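**Student:** make a model of this:
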Amino acid sequence: DHICENEAEKELLIEMSIHARIQPIIIDNPERFKTTFKPLKRTRVFLCCRPGYGKEYGLDIVSLIHRQVPDVEFHIYGISGKNRENVLYHGLIHEEQFDKEISRYHAGLRLNELDGFGEVLAKSVLLGQYPISRIAYPMIDHAPDPQSLIKLLLELKNKKVPNKEAKKYWLNILCKPLI
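**Tutor:** Have a look, this model is predicted:
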């Protein structure tokens, strides 16, 4: 039995004659994430990156668009960098601190072109936020290109209530056993 986490991965596996079912996962207890979304005056989003993988994780896209959305703060975790205008680096921090900090944001961004269902998306939706992904997923905003990302980022300021419907959907998916 082969498992992958989204349609993009499934299609790639089919090209290699591997048939897999889709089952996104989170390496945590999904039920421990309480809804914390509250609208703030300034839109805050977060993304994670690994050293040496900036392009893969979408830092080039953030660099391209951050000036076009000056009211959006981009909080980048996992790597250090030089803070500028609305791009803030937090480096590598303990998971407890990370979870505490991201609970105050509007959305998690997962800008990888090919990836599994990242914990950024899982944690963001389970916190009642409005995550944005470059890969299409049910109940998660899809931004396949910089222009659609800008549009979705600008719309975040209008989100006034927690994303309860998406949270309920993903809690059900992420609580399913793999077998």
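**Student:** tell me who's in contact with Arg110.
**Tutor:** Leu47, Gly58, Gly118, Val120, Leu121, Pro131, Ile132, Ser133, Arg134, Ile135 (C-beta atoms under 8 Å, 6 or more residues apart in numbering). (Glycine included, C-beta is placed from N, CA and C.)
**Student:** and with 7 Å instead?
**Tutor:** Gly118, Val120, Leu121, Pro131, Ser133, Arg134 (C-beta atoms under 7 Å, 6 or more residues apart in numbering).
**Student:** point out the least confident member of these, please.
**Tutor:** The lowest pLDDT within those belongs to Gly118, which sits at 88.
**Student:** neighbours around that one, how many?
**Tutor:** Per other C-beta atoms under 10 Å, the neighbour tally for Gly118 reads 23.
**Student:** start at 38 instead
**Tutor:** Sure, I'll start counting at 38 from here, so that last one is Gly155.
**Student:** what sits against it?
**Tutor:** Arg147.
**Student:** go again using 8 Å as the cut-off
**Tutor:** Neighbours of Gly155 in contact, by C-beta under 8 Å, 6+ apart: Cys85, Arg147, Asn149.
**Student:** cool, and Ile172?
**Tutor:** Ile172 neighbours (C-beta under 8 Å, 6+ apart): Asn43, Ala45, Arg147, Asn149, Glu150, Leu151, Asp152, His179.
**Student:** who wins for most neighbours among those?
**Tutor:** Arg147 (26 neighbours).
**Student:** okay if I get the contacts of Ile172 as CSV plus secondary structure, pLDDT and distance to Lys197?
**Tutor:** Output for the contacts of Ile172, formatted as CSV (DSSP: H, G, I helix; E, B strand; the rest coil; pLDDT from 0 to 100; distance: C-beta to C-beta, whole Å):
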residue, secondary structure, pLDDT, distance to Lys197
Asn43, coil, 88, 29
Ala45, helix, 88, 32
Arg147, strand, 96, 23
Asn149, coil, 94, 29
Glu150, coil, 91, 32
Leu151, coil, 88, 34
Asp152, coil, 88, 30
His179, strand, 97, 22
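**Student:** of the residues you listed, which pair is most distant in space?
**Tutor:** Greatest spatial distance among the contacts of Ile172 (C-beta to C-beta): Leu151 and His179, at 14.5 Å.
**Student:** just the helices in the protein please.
**Tutor:** 44-52, 96-102, 132-139, 156-163, 183-192, 201-211 (DSSP state H).
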